[in-house]
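In: Need coordinates for the below:
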Amino acid sequence: MRNFTKKVLALVVAVSMLFASVTVVHANEAENPEFLPLRTIFEDAGASVNWGDGTAVIIMPNGDEWVFTPGAQTATLNSDTVQLSTPVVVVNGVSFISFEDIVALFGWHEATYLEPLGEMGATIATAVETAYTFMDLAGITGLTIALVDVETGFTWTQGFGYADSVNGLPVDEHTLFQIGSVSKPFTAVAVMQLVEQGLIDLDAPLVNYIPEFSALPNPALGGDSNDVTVRMLLTNTSGIVGNYLYGWMITGDEQYQGHMNSDLLEWLPTYTLVFPPGTMYNYSNNGWTLLSILVARVMGFDNYFEGFVEHTNATIFAPLGMERSTFEHTAGLTNVAMPYLTLGNQDVMHTTSLLGAGGLFTSAYEMARFMHTIGGNGSLDGQSLLPLSTLAYMMQGHVVATPGVMGYGLGFAQLTIGEHVLTGHDGALIHYHSSMFFDLDAGLGVFVSANTVSGIAIAVPLALVVLEAAITEKTGAAPVFEAPPADDADIFVLSEEELAALTVFEGIYDFGDEGIWEMAIIDNVLTFIGVITFELTPLPDGTFDSIVGNYAFEIIDGTAVATLSVGDVQVVGTKIDSDEEIEFAPPEGFMDWVGTYNFVPQVANEAAIMNQLIIGVNAHGAPTITVVQQVHPYIGGSPEAPLIQYGDYWLASNVPVRFFIDADGNRSIEFMGGLFVKS
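Out: Residues are numbered from 1 along each chain as shown. Coordinates of the predicted model:
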């Protein structure tokens, strides 16, 4: 494994420690060795691994007996002592041995994993090795991978672990996984097919096709929903609120059709835009659900849910031979990866009602066919989805990507890593986590999907490891999947006077749908505090660099303004407490609303993706809201965000929060279509 792989492995080790209490026997930190899962490595080589009294007793195919003890820097071979370079390490109850020791002691490992085994053999070896390592570290029950070279026609697919550990069903290349937002490129293809047929105009207002669509102006920023176009939905720049929880996630075999068929279009007119259409980027699952409705409406279906399923089956899946792929979950689906909370801890099946936003079931085998088509010339086995020029246009960065910040085309995201711009999408549901990325210059694509909550930690890193190995093997040059280190000579340092002059910009800023952020000077460093916290690096031109983009500060008409530039896109934040003497205080009666609010299902079999809302007051004395998520519970939920009052509205990151007393006298909150009642 190369340096990038080592760094990703270290990251996954760190993330894995969030999942449970961990006992770690530290290795020689000076050597910084790479580690591989002991059991997996030996069992894949045909050895028998047995555990007793905390030791691993391994019987090799030739009859040799090895014994390894966690924490020990020696092992025994047929009762003879053998020195190891690094002690065996234990993480989450899984034993790991250093890569160096494996190669030094067992030539079979090097032959099995590192020697080319045919086309893309070294890449496959790296993929298998890394997949098992990541699965052990993160506690993943099942995983699937597909790798394609669209220039040579090469395809490799493999399943790992279990689709159903209860019934002993392993993952294979045909196992169906829910792929979340990797569904969006499929929906974009369905829309663009109708654009090619002249049935949809990208720049026409959405109300031309769905007259009942509307949304209220943002109370602070304004905007007219009649200006929302199809293109804006495809690029996530429509200004429509991102999520609508009502009926989003359902347990059982039947999905909830009402979300698409009636509820969303009835709910949106009661909600405000998060910003004027076309002015900013905001990832919106609601926008993609509207695109699903648009496809069904244009094709003449009265039932939008069933119409979208039928249309995509006929125009995408059938032509490409994706015979088992579907947006509809039914009891008749076979070989489906079951959902897992942790390794081996199976949960009930959850499905989403947002079909075009994240509802697709598919397999590694069928994703390989899709990747060959969209990464190649737009056709497969004589069946064409779209002209090559249209696919290329969809994969361009219509919202420009910058290093470390995702760009967006028409249904395809762009991720800039070092010298490379990768194109594709990732996806996250409660249990399922997926990624699909192309290096279009190299003609290579990879797909990864896991069926366990902790898969969020490994889906994208594993895809990048596999893609890095494939690019290196095909081109002979290792890609630079990391930004070059900063040159100390290029670091610009503010003087004490310049730093003091910036104190006027300390405070809380409203960046529209990008959120409510606080700017503070902490340890003489400008720092933004919000959904994530990051430092600002001063530049000679007076602006500031960050992991998010470039910031500039100025005073306009007596108000502090911060402008975030990400490529060609600019987002303006206005300082809310522009008067430095202002005292934050909750309004009269607000303290009666402070407390914890629990999610209350409103639809049969409705599952929570947000467990709770917590209303409180922060250190400034300002009202706050904290969202506790079910989607990624081990991350610790969402950080607290200020609640801002504009007239009759309370807003959290420009999303309305409605407070009311229900018929039973309970204090209740309606947030993104979800109902929460005070406990």
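
In: Neighbours of the closest residue to L234 other than its chain neighbours, how many?
Out: Residue nearest to L234 in three dimensions, not counting chain neighbours: L410, with 4.4 Å by C-beta to C-beta, 6 or more residues apart in numbering. (Glycine included, C-beta is placed from N, CA and C.) For L410, the count of nearby residues is 24 (other C-beta atoms under 10 Å).

In: Span of stretch 394-411 from start to end?
Out: Length of stretch 394-411, first residue to last, C-alpha to C-alpha, to the nearest Å: 7 Å.

In: Would you check that the residue nearest to L234 makes contact with M394?
Out: Yes. Applying C-beta atoms under 8 Å as the test, L410 and M394 come out as touching, 4.1 Å apart.

In: Find the residues that touch each one of those two.
Out: A188, M192 (C-beta atoms under 8 Å, 6 or more residues apart in numbering).

In: picking that back up, ok, the residue nearest to L234 - contacts?
Out: If a contact means C-beta under 8 Å, 6+ apart, then L410 has A188, M192, R231, L234, T235, Y393, M394, H398 as its contacts.

In: any idea which of those is least confident?
Out: The member of the contacts of L410 with the lowest pLDDT is H398, and it reads 87.

In: Tell me how many other residues surround that residue.
Out: Neighbourhood size, H398 [other C-beta under 10 Å]: 21.

In: how far does stretch 263-275 stretch from start to finish?
Out: 22 Å.

In: And the contacts of that stretch?
Out: Outside stretch 263-275, the residues touching it (C-beta under 8 Å, 6+ apart) are 210, 212-219, 221, 223, 225, 239-242, 244, 246-247, 282, 286, 289-290, 293, 512-513, 649, 653-656, 673.

In: pLDDT on that stretch, on average?
Out: pLDDT averaged over stretch 263-275 gives 93.

In: Check which residues of that stretch are buried.
Out: D263, L264, L265, W267, L268, Y271, T272, L273, V274, F275 (16 or more other C-beta atoms under 10 Å).

In: ditto for stretch 252-260
Out: Using 16+ other C-beta under 10 Å as the test for burial, stretch 252-260 gives Q255, Y256, Q257, H259, M260.

In: mind saving the C-alpha coords of that stretch as PDB?
Out: Taking C-alpha atoms only, stretch 252-260 is exported to PDB below (Å, rounded to 0.1, in the frame of the first residue of the first chain):
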ATOM      1  CA  GLY A 252     -41.400  -3.000   5.900                       C
ATOM      2  CA  ASP A 253     -41.800  -4.100   2.300                       C
ATOM      3  CA  GLU A 254     -44.000  -1.400   0.900                       C
ATOM      4  CA  GLN A 255     -42.700   2.100   0.400                       C
ATOM      5  CA  TYR A 256     -44.800   5.200   1.200                       C
ATOM      6  CA  GLN A 257     -46.100   6.500  -2.100                       C
ATOM      7  CA  GLY A 258     -47.900   9.600  -0.700                       C
ATOM      8  CA  HIS A 259     -44.600  11.400  -0.300                       C
ATOM      9  CA  MET A 260     -44.200  11.800  -4.000                       C
END
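
In: sorry, back to before: from the contacts of stretch 263-275, keep the buried residues only.
Out: Applying 16+ other C-beta under 10 Å to those flags 210, 213-215, 218-219, 221, 223, 225, 239-242, 244, 246-247, 282, 286, 289-290, 293, 512-513, 649, 653-656, 673 as buried.

In: Okay, and which of those residues map to strands?
Out: Y649, V655, P656 (DSSP state E).

In: So this structure: which segments form each domain?
Out: Under automatic domain parsing, the residue ranges defining each domain of the chain are 3-140, 145-457, 488-575, 590-678.

In: got these as CSV, with distance to L464 columns?
Out: Listed next are the domains of the chain as CSV, based on distance: least, C-beta to C-beta, whole Å:
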stretch, distance to L464
domain 3-140, 7
domain 145-457, 7
domain 488-575, 17
domain 590-678, 20
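
In: Looking at those domains, which is nearest to E468?
Out: Smallest distance to E468 across these (C-beta to C-beta): 5.7 Å, for domain 3-140.

In: And the closest residue to V195 other than its chain neighbours, how far from L233?
Out: Leaving out its chain neighbours, the residue that sits closest to V195 by C-beta to C-beta, 6+ apart is L202, at 5.9 Å. Distance from L202 to L233, counting by C-beta to C-beta, to the nearest Å: 10 Å.

In: V677 now?
Out: Taking C-beta to C-beta, one finds V677 at 33 Å from L233.

In: Looking at those two, which one has more neighbours?
Out: Taking neighbours as other C-beta under 10 Å, V677 and L233 compare with L233 leading, 27 against 15.

In: Moving along the chain from the helix or strand hosting that one, name the first helix or strand you hit.
Out: Using DSSP states H and E, L233 sits within helix 230-235. Later in the chain than helix 230-235, the nearest helix or strand by DSSP H and E is strand 249-251.

In: Packing partners of that following strand?
Out: When contacts are defined as 3 or more C-beta pairs under 8 Å, 6 or more residues apart in numbering; DSSP states H and E, strand 249-251 sits against strand 350-352.

In: Run through the neighbouring helices and strands of the strand it packs on.
Out: Looks like strand 350-352 contacts strand 249-251 (3+ C-beta pairs under 8 Å, 6+ apart).

In: buried stuff in the strand it packs on?
Out: So for strand 249-251, counting by 16+ other C-beta under 10 Å, buried means M249, I250.

In: ditto for stretch 170-182
Out: V171, D172, E173, H174, T175, L176, F177, Q178, I179, G180, S181, V182.

In: cool, stretch 49-62 as well?
Out: So for stretch 49-62, counting by 16+ other C-beta under 10 Å, buried means V49, T55, A56, I58, M60.

In: Please apply the same query to stretch 309-324.
Out: V309, E310, H311, T312, N313, T315, I316, F317, P319, L320, M322, R324.

In: Could I get those in TSV, plus columns for pLDDT and secondary structure?
Out: Formatted as TSV, the buried residues of stretch 309-324 follow (pLDDT from 0 to 100; DSSP: H, G, I helix; E, B strand; the rest coil):
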residue	pLDDT	secondary structure
V309	98	helix
E310	98	helix
H311	98	helix
T312	98	helix
N313	97	helix
T315	97	helix
I316	98	helix
F317	98	helix
P319	96	coil
L320	96	coil
M322	97	coil
R324	97	coil
